[in-house]
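> take a look and give me a structure for this.
(one chain, ligands or ions: 4)
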Amino acid sequence: MTAVAIPGVDNAPTTHQQLLSWVREVAELTTPDEVVWVDGSDEEWTRLTDRLVETGTLTRLAKKPNSFWAASDPDDVARVEERTFICSVDAADAGPTNNWVDPAEMKATMTELYRGCMRGRTMYVIPFCMGPLSAEKPMLGVEITDSAYVVTSMKIMTRMGTGVLEKFFDAEGNERDFVPALHSVGAPLEPGEQDVPWPCSDTKYISHFPETREIWSYGSGYGGNALLGKKCYSLRIASTIGRDEGWLAEHMLILKLISPEQKVYYVAAAFPSACGKTNLAMLEPTIPGWKVETLGDDIAWMRFGEDGRLYAVNPEAGFFGVAPGTDYHTNPNAMRTIERGNSLFTNVALTDDGDIWWEGMGEPPAHLTSWKKRDWTPDSDEPSSHPNSRYCTPMAQCPILAPEWDDPKGVPISAIFFGGRRATTIPLITESRDWQHGTFMGATLSSETTAAAKGKVGVVRRDPMAMLPFIGYHVGDYFQHWIDTGKRADATKLPKIFYVNWFRRGEDKRFLWPGFGENSRVLKWAVERIEGTAAAQETPIGYVPTADDLDLAELDAAREDIEAALEVDVEEWRAEVPMIEEWFDTIGEKLPTLLREELEVLKQRLG
Ligand code: GDP
Ligand code: PGA
Ligand code: MN
Ligand code: MN
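Numbering: from 1, shown residues only. Ligands and ions are numbered 1, 2, ... in the order given. Down below sits the predicted model:
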């Protein structure tokens, strides 16, 4: 029996006992004014967005159908890595790359934060599924949140609502497990207190309990901190599930490349946040006859199929894309996706006629409302949009969506790209010698930090497999899991691994490679290597094309720039080695011996 009756808590559209008791327990702890079971309907979306417009969180856009502008609290604009915790029972299981707190201690601390934290607010219960609902074992979750903005974002980003609840029982009528994901903005309202447009707290915790597969988030309303199906479930928790069950949860886009001969290749690519995944996923090839279709732009779950090939599924249903830099020249398919409406825009600028604008979208209008809700003109000192401002839009609206995007079987991956943002050293593309060498490339991936996470921008750090902030367990065990994955399959069936860098700069600091649609030339070379039809140079770091090996027809770029982008500078690489050694030393004894050996091979080859 409930001590205090909370309206709505008993209006549950399910008899799932485990879910019912968790919801009741959370309601009693957080004491919301009411509980709402989210059904995922369009009527509900309208009700919630109307309410968010009333409270000032959203502004309806006159120029885009069913779309809204939001500006966050200026201190709540990105993932907070220093406040993200892996609370495994044993500290050693979190490894050197995660913040660790004892789970009992973390739960005690956060329980006190959660006590009464939803006072004056509505508590929403969102049943969701990551990946296709028709999967044999649907990957279920429930997010409890006191943010209606989170509910509307989750409607775009996940399969959610009443349809998902039906999957909470298997064919025999047994209760299925789900990942409980508790979220609060941490801003209770006193009676009569006026709410702010973007409630949040200075105290933030993004906590994961890998053994019990639970997520507790407090204090932030933004992106990966608050949409718990995304990074928290589909990467941090899923990577631990994948370790236990023999599959991979990765920070990768999934694209389908179709050659002029109509041959199909599926490519997965891991780049750190704000390093080009969404753009590559929706690429419009500049080379004639080639086509790209999109399956995912941020996360891939990869399992072996019965034929021994690695199949990828995108767990998400929406794009949460970096806005600045996106326009009809760089990413026309993202623009077409958002033009269709039904989207949320956060921390971009608002035009006077009710549209959105951001840096990179051509000539700025004479006047804008900036993401800080201030008047902005082209003379202003600050950008109109935050560098980590985002569009949140349904994948189903993408004009080049691959028809098989919702197939629970996934798609067989032919190539894996690792890439980062490096001004020097890393060539445009390098092919690994084999899976183990490719794992070494991924394990030593480095990138300059971006605005996607709070902290300094432009600092080179190791970002293994672009998963540094997302590996839910010890990084050494994660590397071993990658090596073991390669051993489980016939080498001829494994994807070929490549290392790319779109961001190498010339002495004048310009990007050497034009990027975006021109990246199709790099994709083409990669599949020609798979087919055995393209040439490459063997270098100390792997196989690298010369400018002649790439299809550069009609490319508007200086030959010297392309050559510089492809250069393997032995001196730069010798300078890279101590940084790799330092990184490997931080991993300690769990670093797989095979990766140490790869480093020795690299050193020998560099002379
Ligand atoms: P994601 O966060 O990994 O999905 O990265 P995005 O695709 O959203 O891109 C992040 C930023 O990098 C945006 O500002 C893009 O305009 C920029 N970007 C993406 N691809 C390229 C590229 O090929 N070349 C260059 N120079 N910039 C790129
Ligand atoms: P991104 O996704 O990789 O598209 O930037 C969000 C994030 O990783 O923070
Ligand atoms: Mn990401
Ligand atoms: Mn992205």
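> what residues does Ala491 make contact with?
Residues near Ala491 by CB atoms under 8 Å, 6 or more residues apart in numbering: 434-435. Using the backbone N, CA and C atoms, a C-beta is placed for each residue, glycine as well.
> hmm, try it at 6 Å
Listed by CB atoms under 6 Å, 6 or more residues apart in numbering, Ala491 has no contact partners.
> look up which residues are beta-bridged to Gln537.
Counting by DSSP bridges, Gln537 forms beta bridges with Val544.
> swap in Thr430?
Beta-bridge pairing for Thr430 (DSSP bridges): Tyr499.
> what's the spacing between it and ligand 2?
Going from Thr430 to ligand 2 by CB to the nearest ligand atom, to the nearest Å gives 22 Å.
> can you give me the pLDDT of that residue?
According to the model's per-residue confidence, Thr430 sits at a pLDDT of 98.
> how much space separates it from Met441?
7 Å (CB to CB, to the nearest Å).
> how close does Phe320 sit to ligand 1?
With distances defined as CB to the nearest ligand atom, the gap from Phe320 to ligand 1 amounts to 9 Å.
> and that residue, bridged to which residues?
Residues in beta-bridge contact with Phe320 (DSSP bridges): Cys392.
> what about it, how many residues nearby?
21 (other CB atoms under 10 Å).
> identify the contacts common to Thr430 and Met441.
With contacts taken as CB under 6 Å, 6+ apart, Thr430 and Met441 have Tyr499 as neighbours in common.
> list the buried residues for stretch 93-101?
Of the residues in stretch 93-101, those buried under the neighbour-count criterion (16 or more other CB atoms under 10 Å) are 93-95, 97-98, 100-101.
> can you tell me the distance between the two ends of that stretch?
11 Å (CA to CA, to the nearest Å).
> return the distance of it from the chain's centre.
In this view, stretch 93-101 has its centroid 20 Å away from the chain centroid, taken as CA atoms, centre = their mean, to the nearest Å.
> check stretch 257-274 too.
Here the centre of stretch 257-274 is set off from its chain's centre by 17 Å, with CA atoms, centre = their mean.
> would that stretch count as contacting ligand 4?
No: when contact is scored as CB under 5 Å from the ion, no part of stretch 257-274 falls within range of ligand 4; the minimum is 7.2 Å.
> can you tell me what sits against that stretch?
250-256, 277, 280, 289, 291-292, 300, 312, 322, 411, 413-420, 447, 450, 452, 463, 465-466, 523, 527.
> so which of these are also by ligand 1?
The overlap between those and the neighbours of ligand 1 (CB under 6 Å from any ligand atom) comes to 277, 322.
> among the contacts of stretch 257-274, which ones are buried?
Buried positions within the contacts of stretch 257-274, assessed by neighbour count (16+ other CB under 10 Å), are 250-256, 277, 280, 291-292, 300, 312, 322, 411, 413-420, 447, 450, 452, 463, 465-466, 523, 527.
> show me the domain layout of the chain.
Listed by automatic domain parsing, the domain ranges of the chain are 17-59+77-246, 249-317+401-606, 319-397.
> residues of the stretch 201-350 of the chain that sit close to ligand 4?
Close to ligand 4, as judged by CB under 5 Å from the ion, the stretch 201-350 of the chain has residues 277-278, 321.
> want to throw those into JSON lines with distance to Thr145 and pLDDT?
Conversion of those to JSON lines gives the following (distance: CB to CB, whole Å; pLDDT from 0 to 100):
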{"residue": "Lys277", "distance to Thr145": "26", "pLDDT": "98"}
{"residue": "Thr278", "distance to Thr145": "25", "pLDDT": "98"}
{"residue": "Gly321", "distance to Thr145": "22", "pLDDT": "98"}
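> those: which ones sit near ligand 2?
When CB under 6 Å from any ligand atom is applied, the members of these adjacent to ligand 2 are 277-278.
> and the domains of the chain as a markdown table, adding distance to Asn11?
Supplementary listing: those in a markdown table, determined by distance: least, CB to CB, whole Å:
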| stretch | distance to Asn11 |
| --- | --- |
| domain 17-59+77-246 | 6 |
| domain 249-317+401-606 | 26 |
| domain 319-397 | 27 |
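> hang on, the earlier thing: show only the entries of the buried ones among the contacts of stretch 257-274 found in strands.
In strands, defined here by DSSP state E, the members of these are 250, 252-256, 291-292, 300, 312, 322, 411, 413-419, 447.
> so which of the residues of the stretch 201-350 of the chain next to ligand 4 would you say is closest to ligand 4?
Thr278 (3.4 Å; CB to the ion).
> taking the buried residues of stretch 93-101 together, which two end up most distant?
Greatest spatial distance in the buried residues of stretch 93-101: Thr97 and Val101, 15.0 Å, computed using CB to CB.
> near ligand 2 at all, stretch 62-80?
Yes: legend: contact between stretch 62-80 and ligand 2 by CB under 6 Å from any ligand atom is shown at Arg79.
> related to what we said a few turns ago, need the residues of the stretch 201-350 of the chain next to ligand 4 in a markdown table with distance to Ala565, can you?
Converted to a markdown table, these look like this (distance: CB to CB, whole Å):
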| residue | distance to Ala565 |
| --- | --- |
| Lys277 | 20 |
| Thr278 | 22 |
| Gly321 | 25 |
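> of the residues of the stretch 201-350 of the chain next to ligand 4, which is the nearest to ligand 3?
Among those, and counting by CB to the ion, the member closest to ligand 3 is Lys277, at 6.7 Å.
> bridged to the closest residue in space to the closest one that isn't next to it in sequence, which residues?
By the measure of CB to CB, 6 or more residues apart in numbering, the closest residue to Lys277 outside its immediate chain neighbours is Leu253, 4.3 Å from it. For Leu253, the residues forming beta bridges with it (DSSP bridges) are Ala269.
> what's the answer for Ala349, then?
When assigned by DSSP bridges, Ala349 has beta-bridge partners Trp357.
> Pro383 is in contact with that one, correct?
No: with contact defined as CB atoms under 6 Å, Ala349 does not reach Pro383; the gap is 8.5 Å.
> these two: which has the busier surroundings?
Comparing Ala349 with Pro383 by neighbour count (other CB under 10 Å), the higher total belongs to Ala349, at 30 against 16.
> just the pLDDT for the more buried one.
Per-residue confidence (pLDDT) for Ala349: 98.
> what's the answer for the one 5 residues further on, then?
The pLDDT attached to Gly354 in the predicted structure is 98.
> ok, it - contacts?
When contacts are counted by CB under 6 Å, 6+ apart, Gly354 touches 61-63.
> could you export those residues as CSV, including neighbour count and distance to ligand 1?
Putting the contacts of Gly354 into CSV (neighbours: other CB atoms under 10 Å; distance: CB to the nearest ligand atom, whole Å) gives the following:
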residue, neighbour count, distance to ligand 1
Leu61, 21, 21
Ala62, 11, 26
Lys63, 12, 22
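> of the residues you listed, closest to ligand 2?
For ligand 2, the nearest member of these is Leu61. The distance, counting by CB to the nearest ligand atom, is 22.1 Å.
> how many other residues sit next to whatever residue of the chain ends up closest to ligand 2?
Distances between the chain and ligand 2 by CB to the nearest ligand atom are smallest at Ser273, namely 3.2 Å. A count of nearby residues for Ser273, using other CB under 10 Å, gives 25.
> just the pLDDT at it, thanks.
Ser273 is assigned a predicted lDDT (pLDDT) of 96.
> give the next helix or strand downstream of the helix or strand harbouring Glu572.
Under the criterion DSSP states H and E, the helix or strand holding Glu572 is helix 570-587. Moving toward the C-terminus from helix 570-587, the first helix or strand encountered (DSSP H and E) is helix 593-606.
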